[in-house]
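Engineer: Sequence and predicted structure are below.
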Amino acid sequence: MKSLLLLRHAKSSWESPGVGDIERPLNKRGKNDAPLMGKILAELGDNPGLIISSPAKRAFSTAKRVARETGYDEKKILRNDKLYMAAIEDFAEVISGVDHSIKKLMLVGHNYGITDYANYLAGEEISNMPTCSIVRIDFTKGFDWNSIQSSKGTLAYFKYPKMYY
């Protein structure tokens, strides 16, 4: 069975008005929430086999903090420009290029696209994925990443930091 982990970036800072959107860093809460969610993934045994992140500073920083807690080598995190403010088609395009051997794939991105994609794939109605939330979608045996555009999965869980404090 294959699983897709969709992770919205952690809370970012708006304190530097001259900084472009793609360069916004995580704020203090974001820096605390990302490792928390990584620990939760590790406790669940949901250690990703591949992490692909938006190139935005806040997304990549989230990916690195989660990776550390799950035992994933942060140097192996891939950045993909298509995940920056991605639409449903962009997520599908990124996923369709993933090697069949990967069992658990994590994409790190942004709202509203990531919430829209989670709902589309799982046939659910999550109104909003808050910052640093994770959705896991499972696919049936025999599923291959290159068939993602014509596939639907099942929502396994939807978790977010405020569930834990």
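Structural biologist: Alright, I've got the coordinates. Numbering: from 1, shown residues only.

Engineer: Tell me the spacing between residue 59 and residue 145.
Structural biologist: 21 Å (Cβ to Cβ, to the nearest Å). In this view, the C-beta of every residue, glycine as well, is placed from N, C-alpha and C.

Engineer: The two: who's more crowded?
Structural biologist: Counting neighbours by other Cβ atoms under 10 Å for residue 59 and for residue 145 shows that residue 59 has the greater number, 27 against 21.

Engineer: Surely residue 17 is in a helix?
Structural biologist: No: looking at residue 17 with DSSP: H, G, I helix; E, B strand; the rest coil, it is coil, so not inside a helix.

Engineer: how deep is it tucked in, by neighbour count?
Structural biologist: The number of residues packed near residue 17 is 5, by other Cβ under 10 Å.

Engineer: Residue 93 too?
Structural biologist: Around residue 93 there are 16 residues (other Cβ under 10 Å).

Engineer: do the same with residue 97
Structural biologist: Counted with other Cβ under 10 Å, residue 97 comes out at 11.

Engineer: Spit out the contact partners of it.
Structural biologist: Residues in contact with residue 97 (Cβ atoms under 8 Å, 6 or more residues apart in numbering) are 145-146.

Engineer: For this structure, give me the ranges with low pLDDT.
Structural biologist: The model of the chain has no residue with pLDDT under 70.

Engineer: which helix is the longest one in it?
Structural biologist: Of all the segments of type helix in the chain, defined by DSSP state H, the longest one is helix 28-44.

Engineer: and the nearest residue to residue 120 once chain neighbours are set aside, how far is that from residue 96?
Structural biologist: For residue 120, ignoring the flanking residues on the chain, the nearest one in space by Cβ to Cβ, 6 or more residues apart in numbering is residue 88 at 5.4 Å. Computed as Cβ to Cβ, the residue 88 to residue 96 distance reads 13 Å.

Engineer: Residue 28 too?
Structural biologist: Applying Cβ to Cβ, the value for residue 28 to residue 96 is 37 Å.

Engineer: These two - which one has more neighbours?
Structural biologist: Shown here are residue 28 and residue 96; by other Cβ under 10 Å, residue 96 has more neighbours (13 against 9).

Engineer: how far away is the residue with the largest distance to the centre of the chain from residue 24?
Structural biologist: Most distant from the centre of the chain: residue 18, at 27.1 Å, with distances by Cα atoms, centre = their mean. Noted for residue 18: a distance of 11 Å to residue 24, by Cβ to Cβ.

Engineer: With residue 155 instead?
Structural biologist: From residue 155 over to residue 24 the distance is 29 Å, taken as Cβ to Cβ.
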